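Q: Next come a sequence and a model predicted from it.
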Amino acid sequence: MAKRKTTVTCKVPDCTNFANTRELCRRHYAQLLRYGEVLERTVYDPNSYRIQGQVVFIDIYNVKRVHIKTIRADLEDLELLKTMKLTYSKPNDIVTTKPDKKGPNITLTRVLTKAKKDEIAHFLTDDRSDYRKQNLGVNEDRKHVNRHKKKLNKNNTSGHKGVSWSERYGGWLARLQKDGEVFDGGVFDDVRAAVRARKQLEAEHWDTE
């Protein structure tokens, strides 16, 4: 009678994949071959969470897997946050996400406050790491947006290249196009923030040539 083969899981902690070579799953073995070591995390890993009472702390990493910011949010929003990949925009000191995989990044303040297109989501204090609802607000007064929109040309732009008003997302959209590829900078309530995001895209994709 043939002996049943015993399945072994990858030796990397918390990995539940079956081991393939050197007691590693295919994913971690590929990392070993490419980097000479098994990485603690990759750009594809979800954000890490820590719970303290009714507050959840979320660690955000950049594409180089370096920790760049920790934010906190209400524990009741944890399940929603787990469905998102959060990214950090350094020029504007804000966290963004992409609820719609085909759409642009949206500020986390808009997601958590469920702000409508004609509303502005914002922080109530200067602490831009605090995404708890007690530190978030929604402002229905869009007079400053209307002032900017009066300056738009017939193509509905902001007067800044790569920054335009999006009726679909209810904010200022920052984008850059290079060699047929479109780079998304996010959607912002403040046109100045969108301009800064556009300049950051230029620094990342034009100044590297």
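A: That came through, no problem.

Q: Wait, residue 72 touches residue 57, no?
A: Yes: using CB atoms under 8 Å, residue 72 makes contact with residue 57 at a distance of 5.2 Å. All C-beta spots, glycine's among them, are computed from the backbone N, C-alpha and C.

Q: more neighbours, these two?
A: residue 72 (17 against 14; other CB atoms under 10 Å).

Q: so is that one in a helix, a strand, or just coil?
A: Here residue 72 is recorded as strand under DSSP: H, G, I helix; E, B strand; the rest coil.

Q: That one bridge partners, please.
A: Using DSSP bridges, the bridge partners assigned to residue 72 are residue 57, residue 130.

Q: Next up, the contacts around it.
A: Neighbouring residues of residue 72 by CB atoms under 8 Å, 6 or more residues apart in numbering: 55-58, 129-132.

Q: May I see the buried residues of the top helix by length along the chain?
A: Counting residues, the longest helix in the chain under DSSP state H turns out to be helix 191-205. Of all the residues in helix 191-205, those buried under the rule 16 or more other CB atoms under 10 Å are 191, 193-202.

Q: now, which of those sits nearest residue 114?
A: residue 193 (20.0 Å; CB to CB).

Q: measure that closest one to residue 163 for me?
A: Counting by CB to CB, to the nearest Å, the separation of residue 193 from residue 163 is 10 Å.
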